[in-house]
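Chemist: Quick one: sequence plus predicted model below, questions after.
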Amino acid sequence: YELTSDLDFSARDKFVGINTFAATLDGMGHTIANLTYGPSAASARLGFIRALNKGTVRNLTLNAVAAVSSSTTDADYVAGLAVVATDATVDKVSLIGLHLDGAGVEKVAGIAAELRGASSVTNCWVDGSAKAKKMPGGIAGYAHNTSVITNNLASMDLTVVTNGNAGTRGVDAGAFVSYPGSGNAVTIRGNVALSGSITYTGTVPGYVGRVLGYYQTSGAYAVSVLEKNLANSAITLSGDTVTGTATNQNGADTSAAELAQQGTHEGIGWSFDTDWTLDKTLGHPVPKYVRVGDRPNRITATFTADSSTERSFTWYSDLTSDTAQVQVSTAKDLAGAATATATRGTGLAGENFYKATITGLNPGERYYYRVGDPAMGVWSSMGTFLTSDGHSDFSFVDIADTQAQNVSEAALSAATIAKSLSAVPSAQFLLQNGDLVEHGGTESDWQNLLNSAQDSLQSTTIAPAAGNHDAATNGFINHFALPSPNGQGTS
């Protein structure tokens, strides 16, 4: 299922939710606004989805969600997205302006009141407030089994109604998980508690945390992986600030100024190429939606002149732009990157392709690069290549006749390329002697091969030759930036 436009539920009846969902909902970057959840005829639980069973929700924003439960039954949980998520995938979902009030129920949380099985919550942002009788959470009230909570952002005010007294297991709160299940293998990694507070009465250490609520360093309730988590030092627990580390329940102490910097988040593994963008108005990252076709694909790096000082690049994208470019640097973070603006052409299927050449490189250097569009904030993953030093011996991998004509053959060809390069790790380039695809005039053949082999192709330089199967007009040259010696035709 795909959402094809924004939706506004202002002045509408309460949304009674979807009882069970086991498919994929792709929000396609759209927003559903002003939802108020209500009970269904069958359940008093409140949420967008009550049971997300082996389903996926991605690329969706829910803005201004209200759920106020009058139930006093513990099990009538409340959630901004899924009440119980089992073996579910949630990625790039933003829940903004949440008002979740379940003062009489046990668990209330932004993404899922309970996260079970092999569920994953990644690259999500939760913002607002949650109140529960025992376990309010930003991402999850309860997490168990092999659930993974990674690279998420929380700006939540949480309230625990029950008095924790000297510390009560099961009366807990945390911006990402309030209570981990016994014997869990849960991963909580690379999350950022941006702002907020936790209102709670009772002993704080071990029971309430900026990242994780109930906390053991060992034992049945110890989280399997707890690392690289950050928290704003100004967040208060029971009115007081606390200190922490990246591997305990409070996350590493981080200032608001540091959390406004992209590099802070990149340092714990966030990708601003594919998953996040820095919103300068808000002053913090937000999940980034890029249509599959817009993201650079079919990327190749080739020789066009001096292999010690130049590289050329070709890629495809559905975006039509005059600002597309390649960025190249000796630093993995592309510090001080040199840039070259790309020229745009039209491919076999009417798609845009781009070509750019970078010059002035140093011989014998390892370089890193990405291609994309700075104006639109859309980039490829990172690639790398090694320039020739101009005099030393060198190794390369020589292959031919990959000749892919469908997805399965392309996958086999990609696996062969990957295995060849791994067998010769010192190889400075990949020589392809021709017949890359079966039908050079069929763009899907090129798309299948080059995208299937993308990781390998972005780890080296390819020196391709056209075989008879590649000979359709422009089929070969549209995918590789290559010279035309003596002015020969390349079509």
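Modeler: Right, received. Where do you want to start? Residues are numbered from 1 along each chain as shown.
Chemist: starting at the chain centroid, how far to stretch 264-283?
Modeler: Relative to its chain's centre, stretch 264-283 lies at 10 Å (C-alpha atoms, centre = their mean, to the nearest Å).
Chemist: got the CA coordinates for it in CSV?
Modeler: In CSV, the C-alpha atoms belonging to stretch 264-283 read as follows (Å, rounded to 0.1, in the frame of the first residue of the first chain):
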residue,chain,number,x,y,z
THR,A,264,27.6,14.6,16.0
HIS,A,265,25.0,12.2,14.5
GLU,A,266,27.3,11.0,11.8
GLY,A,267,29.7,10.0,14.5
ILE,A,268,27.3,7.4,15.9
GLY,A,269,26.5,6.0,12.5
TRP,A,270,23.7,8.1,11.0
SER,A,271,23.6,8.5,7.2
PHE,A,272,22.8,11.9,5.9
ASP,A,273,23.1,10.6,2.4
THR,A,274,20.2,8.2,2.6
ASP,A,275,18.3,8.5,5.9
TRP,A,276,18.5,11.9,7.5
THR,A,277,18.7,15.6,6.6
LEU,A,278,19.5,18.5,8.9
ASP,A,279,16.6,20.8,9.2
LYS,A,280,18.1,24.2,9.7
THR,A,281,14.8,25.7,10.9
LEU,A,282,14.2,23.1,13.5
GLY,A,283,17.9,22.9,14.3
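Chemist: Quick one: name whatever helix or strand follows the helix or strand bottoming out on mean pLDDT in the chain.
Modeler: The helix or strand of the chain with the poorest confidence is strand 378-379; it has a mean of 91 (mean pLDDT, DSSP states H and E). Using DSSP states H and E, the helix or strand that follows strand 378-379 in sequence is strand 383-386.
Chemist: now for that next one, which elements pack on it?
Modeler: strand 297-302, strand 366-373 (3 or more C-beta pairs under 8 Å, 6 or more residues apart in numbering; DSSP states H and E). C-betas here are computed from N, CA, C, even on glycine.
Chemist: Return the distance of the residue lying closest to Asn229 once chain neighbours are set aside relative to Thr302.
Modeler: Leaving out its chain neighbours, the residue that sits closest to Asn229 by C-beta to C-beta, 6 or more residues apart in numbering is Gly251, at 4.0 Å. Distance, Gly251 to Thr302, by C-beta to C-beta, to the nearest Å: 45 Å.
Chemist: neighbour count winner among those two?
Modeler: Neighbour tally, Gly251 and Thr302, criterion other C-beta atoms under 10 Å: the higher count belongs to Gly251, 30 against 21.
Chemist: Test my guess that that one contacts Ile235.
Modeler: No - contact criterion C-beta atoms under 8 Å: Gly251 and Ile235 do not qualify, at 9.0 Å.
Chemist: Which neighbours do those two have in common?
Modeler: Residues touching both Gly251 and Ile235 (C-beta atoms under 8 Å, 6 or more residues apart in numbering): 193, 210.
Chemist: Just the terminal-to-terminal distance for stretch 301-312.
Modeler: End-to-end distance of stretch 301-312 (C-alpha to C-alpha, to the nearest Å): 6 Å.
Chemist: Buried residues of that stretch, list them for me.
Modeler: Of all the residues in stretch 301-312, those buried under the rule 16 or more other C-beta atoms under 10 Å are 301-304, 307, 309, 311-312.
Chemist: Reformat the residues you listed as CSV; add distance to Tyr369.
Modeler: Listed next are the buried residues of stretch 301-312 as CSV, based on distance: C-beta to C-beta, whole Å:
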residue, distance to Tyr369
Ala301, 7
Thr302, 13
Phe303, 15
Thr304, 15
Ser307, 15
Thr309, 15
Arg311, 8
Ser312, 11
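Chemist: so where does the residue lying closest to Asp318 once chain neighbours are set aside fall, helix or strand?
Modeler: Nearest non-adjacent residue to Asp318, counting by C-beta to C-beta, 6+ apart: Gly293, 3.7 Å away. Counting by DSSP H and E, no helix or strand carries Gly293.
Chemist: Would you mind listing the residues in contact with Ala375?
Modeler: Listed by C-beta under 8 Å, 6+ apart, the contact set of Ala375 reads 321, 323.
Chemist: which SS class is it?
Modeler: coil (DSSP: H, G, I helix; E, B strand; the rest coil).
Chemist: how much space between it and Ala85?
Modeler: For Ala375, the distance to Ala85 - C-beta to C-beta - is 37 Å.
Chemist: Can you give me the neighbour number for Phe263?
Modeler: Quick fix: residue 263 reads Gly, not Phe. 10.
Chemist: In which helix or strand does it reside?
Modeler: If you go by DSSP H and E, Gly263 is part of helix 262-266.
Chemist: where along the stretch 201-350 of the chain do the helices fall?
Modeler: 256-259, 262-266 (DSSP state H, counting those that start in this stretch).
Chemist: For Ala335, which of the ones you listed is the nearest?
Modeler: helix 262-266 (10.1 Å; C-beta to C-beta).
Chemist: on that earlier part again, determine the set of other helices and strands touching the least confident helix or strand of the chain.
Modeler: With contacts defined as 3+ C-beta pairs under 8 Å, 6+ apart, strand 378-379 has these neighbours: strand 366-373.
Chemist: Give the buried residues for the strand it packs on.
Modeler: Across strand 366-373, burial judged by 16+ other C-beta under 10 Å covers 367-373.
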